[in-house]
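**Student:** Sequence and computational prediction follow.
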Amino acid sequence: MPVGFSIPGRPLLGAAAKALPGTSRNYSFTASTVGAFLYHGDNGKERLGLFGALIVDNKDPRPLDHYVDDDGAIVPVTQDNLDKQYVLFMVDSTFWGTEISADGATQRPLWANPTPGAVLGEIVRFHVLSIGPGHTFHIHAHRWLKEGTDKVIDTRILTDGFDTHSFTVKAGSGVGAGDWQFHCHLIAHMEAGMHGNFKVVEAGGDGSAIVGASPYGRILLGPEDVPGVVTFEVSDEPASWFRSARGDAIVGLPFDIKTKSLEVIAPGSSVNFTMSDTNAVHTISSLLWPSGAEHMPFDQSAAYKGGGFVTLHTPGLYVFTCKVHPYMFGAVIVDDPSTEGLDLGNPAQDYTIDLVTGIRDLPTNSDLAIRLLTTFFVATAPDNWQDYSSGVWNVTFPSLPVRISGAPRSEALTDGGVAAPLSILNVVNAALPAPNPPSIPGIGEVWVNAQFEKTANKTKPGTITVLDAGDWKVKRKIALPAINRETGAMLHNIKVGETPSHVLTLPTNDQIVVAINGQNGMAMIDAGASEVNRITPTQPHGHKSAHPHGHWVSADGTRIVTPNINTDDVGIYSADGAIQSRTATGNNLPGAHPIAIGMMPDDSKIYASNLLHHTVSVVNGHTGDLVKTIDLIENYHPITGEIDGPVGVLPIQIPVSPDGKAVVVANTGGQIIVIDTETDTIVKMFECDPGCHGANFGAKAGGGYYAYVTSKFSNRMFVVDIDPNGDGNIEDVAIAGTVSLVADDETLRDDGIVGMAGMGGQGVLAIPNVYNGWVQKLPSNFKESLTAAQLNPGQ
Amino acid sequence: MKQTALSFVGLSCLRFSQRCGWFDCSRQNPGSFWSKSINSGLPITFVLMSAILALVLLPASASIAAEHVIRMSAEEVAAYDDGLGNKLLGYKMLSHTVDGNDITGRYSPYATIPGPTLFLTEGDTVKLTIENEISDGFDEITDVDHHLGKISNQVSVHVHGVHYKIVSDGTLKVINQLEDQGAGVGPENTFHYYTYEWDVALGTAGTWPYHDHNYETHNGAEHKGLYGAIIVDSVGAPQYAKEYVLYLTDDSFWGMEIDGVTKIQSKHGSNPGLSAARGSDVRFHVIPLGTDLHEFVLDSYRWSDPGTRRRIDRAVIGPLEKHVFAVRANRSAYYRDKNFTNDLMGVRGLFEVR
């Protein structure tokens, strides 16, 4: 990887050239201005550690700064007056520090979230530097001057990008000794762990700093016996959404580790997260942790740009996700190095774990725990995905022995727990059947968001995969943001806000409604306009951001219904955005995570999938009253794994058929569930692929409807016929066929496909849109291919 | 002390400076005594005031510096419900005396967002007692699941800018390494108040935020409404016809208008309409709070960038910074946030000049 050298805001000779591996480059500049400057590696990986400070001292007797004394006097400070200096980098949601002696001659790294110290009355100069998303820096009970003014402040912005702020304090001035917290004052960053203490001790005490968490400390293969830190880079890279900064090295270890999203640390070491390889907003949220673990659950009240920092003391497995992107997983095993096998649960409590949904003390030898574990290893390693063009499926788990609940299996163990290698779960050469398309064609096209498919000329993955429903061939791959349906030409690239998710039009006036999943509202774009007209909030002022995800619009265009993932409710809003009702879907348990909505053609009922509760909420479409909660795992025994009926694990997209007969639910756990709307009971379960996700209806040729269902960790699409014999009864619902999402020689494309062919099936859209309300407004050429019943599904 | 007369609460606050007497809220009689007494107004306030007045008057200090004795509560604000039963929180002024003179009447009788704006002068001292009237704070402390991830059932007041010792930091022990410095549930499920002492020393002039730092987590609930401002002026500083405190949050301004002479506080709430008499000099105090960075604008106005000679028409500011400026009111205008989402969401209010 080439490495450069850059000082933002400073001209630098030679700055354009970077040093290739094994070579060096020279750069030069003139130190003409006193102050602190940030330098960095100028290669896109700065936030992983290639940064430092350049401090230009003032050696002449003129003051370089002032401090505010106990009595309010503004006292000039020369270089010689300084007792010590601290450099604190604010990077994502972590502080990285350096202590510098008074004369500048010696310095030592303080690593992550350190405790700078001083003796009461010492003159301490702080240099705060930032890379990445902005911050505000605050120290409790200390005041200083805003640069270039006589204004006393105690909080200072560091703007997005690169910024620096230097100031001088007299330690404990007017306030005395104490552990004075310093922190970023952005709520999300505070919640993500961005804080430390400035320890001011009485005269005669030890005012030296306490070192924070070191990357050379107690982590897997770490060389030093001090608190350690591992770093996960939050990324848009398929599978490696939480990528260990040394993921390549870990995959290279002789343990068959196929995921880059796993780390191992000792108790008392820390985990650092940096959202440095993504444009989206995220949360860093714990999904499961060892029972009763300290500092759990780790979470933030809204999505943001930044990172996270958490110290883990209790041994066991911790899995983190992003609430906005709940397929992103990173895992940390905190292991007591003195015992055999990696601890997957809390050793003090028979190796059990707790889940964010309120489940406590789940044995790690339970079927549910093992399913969660296998889900992690499949989701985070493309080698473990199902590639239907290869015909076989292999899942490889690490050969490392782990300790789980239950009686000891090894003779060597006397203190409980099973120590067995995870690789006993391996799947070896399982046959994958070739796609077998339906015999009856569908109408029009099916557009699939193949989110992980990689192409040559863009850095982020993802294609629109257009299937011809007439012959089930992949007609076109669109990789670049150029999505005129007919020609592929770009019309508008419209900024709508942070991390938009779903897009619908109002059937009444074609206004576009975008759910801003990473924020607190819906963006409204008038038909034909090229910018957002307004953003309507999904919650009253001041309340927790709802983070709306897969919304739906009523067929009469009067109501927008959002599943609010961050507040665990279904919101009903009028077409102009006014809040009509909000309905909690979690039945008083935390973390339901409603993620998608389906709606009856007559708007009478709303169906919401609760991803983490494995339930479907049925809500009155007019009043918002909760009518029923359908439990999709009622027939599943989480300990034994026994299944005595249909089961849907991690339900997500949930469209209602345009005729209102059936609800088809894609379940990330690998099932398709069909619900009869007359009884609101489950009538059928079909096996789906890992990461089963997208679902939407289109018209079947000659009458009836197909549900198209895609999976994130495979490259085929299921076609579900909800009523094969067309008798109006959905009892005979069946899989009509499967369709490959992999391009062939005849597929039109705007970019070369270079990896993950057809993978990442997420959103699905059938064209024409045959839902009630929209179908009536189709152009005549589309109408000609539909039956009378399909043209009036509300009847 | 728990069975003694109520006046001891007030007395101990002053005599033992930092901490109110530990007060068993009696799990057998959970909170009802307090809520009844306080809601019905007089008894507790009256007794406390008597005690406070007596003590304040005793030393008869010759100092010109004023001594402020303040009692505030933190409460749920019933009107601010998100439709799911979640309420915003607000601070409410219970009483404020300055050298024994009661100035409570200038504040709203209700919990407001932002909380009461405290006007102080360099040299003053403040003793501020916080009471926790958030029922959740102690009714359900044994409900472990309900409090999953919550490490505190306290509320506090952490202030910026002025001087205070570490015991008045208004933080939890996990931060200050000493003790939990808030009102609510303390050790062994006792319920207590907490008193902070601030020294409004020379050199602390300016507008500063105060906010909770303890509710539910060590970060507190500032983003749920528990914040307010203190305005510290130096002796002889210019006065303004109106003062406007505008907190700028992630989806709204929350502000109030204050009469420059009477200091009566009004128009609390979200994106308030502000008023000024044409030709009068008024002062804005803008403090962001939340996660977003902002660009504050008062349409068609320019003002001095504090501490400089620059004239500006916008200010880029982040959470818990302050931007304070004065203008002569000569035309109506919108104050607004130009942050992309907030601008489209209509985060603005009318500054109406008549």
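**Tutor:** Noted; the coordinates are in hand. Numbering: from 1, shown residues only, chains lettered A, B, ... in the order given.
**Student:** give me phi/psi at the spatially most central residue of chain B?
**Tutor:** The centroid of chain B falls nearest to residue B:228 when counting by C-alpha atoms, centre = their mean (3.4 Å). As for residue B:228, its main-chain torsions (degrees, to the nearest 10) stand at phi -160, psi -170.
**Student:** If you drop the residues flanking it in sequence, what lies closest to it?
**Tutor:** Spatial nearest neighbour of residue B:228, excluding adjacent residues (C-beta to C-beta, 6 or more residues apart in numbering or on different chains): residue B:115 at 3.2 Å. For the C-beta atoms, the positions are set from N, CA and C on the backbone; glycine is no exception.
**Student:** got a pLDDT number for the one you found?
**Tutor:** For residue B:115, the pLDDT comes out at 98.
**Student:** follow-up on the earlier one: the residue nearest to the centre of chain B contacts residue B:210, correct?
**Tutor:** Yes - look at residue B:228 against residue B:210 with C-beta atoms under 8 Å: they come within range, at 5.4 Å.
**Student:** any common contacting residues for those two?
**Tutor:** Overlap of the contact sets of residue B:228 and residue B:210 (by C-beta atoms under 8 Å, 6 or more residues apart in numbering or on different chains) consists of B:115, B:118.
**Student:** on that earlier part again, roughly how far apart are the residue nearest to residue B:228 and residue A:173?
**Tutor:** Residue B:115 sits 28 Å away from residue A:173 when distances are taken as C-beta to C-beta, to the nearest Å.
**Student:** who touches the residue nearest to the centre of chain B in this structure?
**Tutor:** Contacts of residue B:228 (C-beta under 8 Å, 6+ apart): B:91, B:114-118, B:209-211, B:245.
**Student:** Among these, which ones are in strands?
**Tutor:** B:91, B:118, B:209-211, B:245 (DSSP state E).
**Student:** For residue A:492, which non-adjacent residue is closest in space?
**Tutor:** Excluding the flanking residues, the one nearest residue A:492 by C-beta to C-beta, 6+ apart is residue A:530, at 4.3 Å.
**Student:** quick one on the thing from earlier: who has more neighbours, residue B:115 and residue A:173?
**Tutor:** Set side by side, residue B:115 and residue A:173 show more neighbours around residue B:115, with 30 against 25, by other C-beta atoms under 10 Å in any protein chain shown.
**Student:** Quick check: the gap between that one and chain A.
**Tutor:** Residue B:115 sits at a distance of 13 Å from chain A (criterion: C-beta to the nearest C-beta, to the nearest Å).
**Student:** got the contact list for that residue?
**Tutor:** Residue B:115 neighbours (C-beta under 8 Å, 6+ apart): B:72, B:90-93, B:210, B:226-228.
**Student:** so where is chain A shaky, pLDDT-wise?
**Tutor:** Scanning chain A for pLDDT under 70 picks out A:407-416, A:481-490, A:795.
**Student:** What of chain B?
**Tutor:** For chain B (pLDDT under 70), the answer is B:1-63, B:135-151, B:186-189.
**Student:** How are the helices of chain A distributed by residue range?
**Tutor:** With DSSP state H as the criterion, chain A has helices at A:187-191, A:247-251, A:367-379, A:780-783, A:788-791.
**Student:** so how far is the particular helix or strand that has residue B:257 in it off the chain centroid?
**Tutor:** Element membership of residue B:257, judged by DSSP states H and E, is strand B:253-259. Computed by C-alpha atoms, centre = their mean, to the nearest Å, the separation of strand B:253-259 from the middle of its chain amounts to 13 Å.
**Student:** what's the answer for stretch B:165-177, then?
**Tutor:** Computed by C-alpha atoms, centre = their mean, the chain-centroid distance of stretch B:165-177 equals 18 Å.
**Student:** Any residue of that stretch touching chain A?
**Tutor:** Yes - using C-beta under 8 Å from any C-beta of the partner chain, stretch B:165-177 reaches chain A at B:165-166, B:169, B:171, B:175-177.
**Student:** Just the ones of these in helices?
**Tutor:** Under the assignment DSSP H, these contribute B:175-176 to helices.
**Student:** Looking at the residues of stretch B:165-177 next to chain A, spot the one nearest residue A:305.
**Tutor:** For the residues of stretch B:165-177 next to chain A, the minimum distance to residue A:305 (C-beta to C-beta) is 25.0 Å, reached by residue B:175.
**Student:** Just to check, that closest one is in contact with residue A:197?
**Tutor:** Yes - taking C-beta under 8 Å as the definition, residue B:175 is a contact partner of residue A:197 at 7.2 Å.
**Student:** okay, and the common contacts of the two?
**Tutor:** Residues touching both residue B:175 and residue A:197 by C-beta under 8 Å, 6+ apart: A:179, A:181.
**Student:** Wait, residue A:42 touches residue A:4, no?
**Tutor:** Yes - assessed by C-beta under 8 Å, residue A:42 is found in contact with residue A:4 at 3.4 Å.
**Student:** Now list whatever residues contact both of these two.
**Tutor:** Joint contacts of residue A:42 and residue A:4 (C-beta under 8 Å, 6+ apart) are A:15, A:18.
**Student:** before we move on, the earlier item: and the residues of stretch B:165-177 next to chain A as CSV, adding distance to residue A:544?
**Tutor:** Formatted as CSV, the residues of stretch B:165-177 next to chain A follow (distance: C-beta to C-beta, whole Å):
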residue, distance to residue A:544
B:165, 35
B:166, 32
B:169, 27
B:171, 23
B:175, 24
B:176, 27
B:177, 31
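**Student:** Determine which two of the residues of stretch B:165-177 next to chain A are furthest apart.
**Tutor:** B:165 and B:175 (14.9 Å).
**Student:** Quick one: residues contacting whatever residue of the stretch 51-200 of chain B ends up closest to chain A.
**Tutor:** Residue nearest to chain A within the stretch 51-200 of chain B (C-beta to the nearest C-beta): residue B:166, separated by 3.0 Å. Counting by C-beta under 8 Å, 6+ apart, residue B:166 touches A:141, A:175-180, B:176, B:178.
**Student:** cool, and residue B:203?
**Tutor:** A:68-69, A:71-74, A:143, A:152, A:174, B:122.
**Student:** Of those, just say which sits nearest to residue A:596.
**Tutor:** residue A:143 (50.3 Å).
**Student:** My guess is the closest one contacts residue B:201. True?
**Tutor:** No - contact criterion C-beta under 8 Å: residue A:143 and residue B:201 do not qualify, at 9.9 Å.
**Student:** Let me see the ranges of the helices in the stretch 101-250 of chain B.
**Tutor:** For the stretch 101-250 of chain B, the helices defined by DSSP state H, counting those that start in this stretch cover B:136-139, B:173-176.
**Student:** got a list of contacts for the last one?
**Tutor:** Where contact means C-beta under 8 Å, 6+ apart, the residues beyond helix B:173-176 that reach it are A:178-179, A:181, A:195, A:197, B:151, B:166, B:169, B:179-180, B:213, B:218.
**Student:** Now tabulate those residues in CSV and tack on distance to residue A:523.
**Tutor:** Output for the contacts of helix B:173-176, formatted as CSV (distance: C-beta to C-beta, whole Å):
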residue, distance to residue A:523
A:178, 46
A:179, 44
A:181, 37
A:195, 34
A:197, 41
B:151, 37
B:166, 46
B:169, 42
B:179, 47
B:180, 43
B:213, 35
B:218, 35
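**Student:** which of those are buried?
**Tutor:** Buried subset of the contacts of helix B:173-176 (neighbour count, 16 or more other C-beta atoms under 10 Å in any protein chain shown): A:178-179, A:181, A:195, A:197, B:166, B:169, B:179-180, B:213, B:218.
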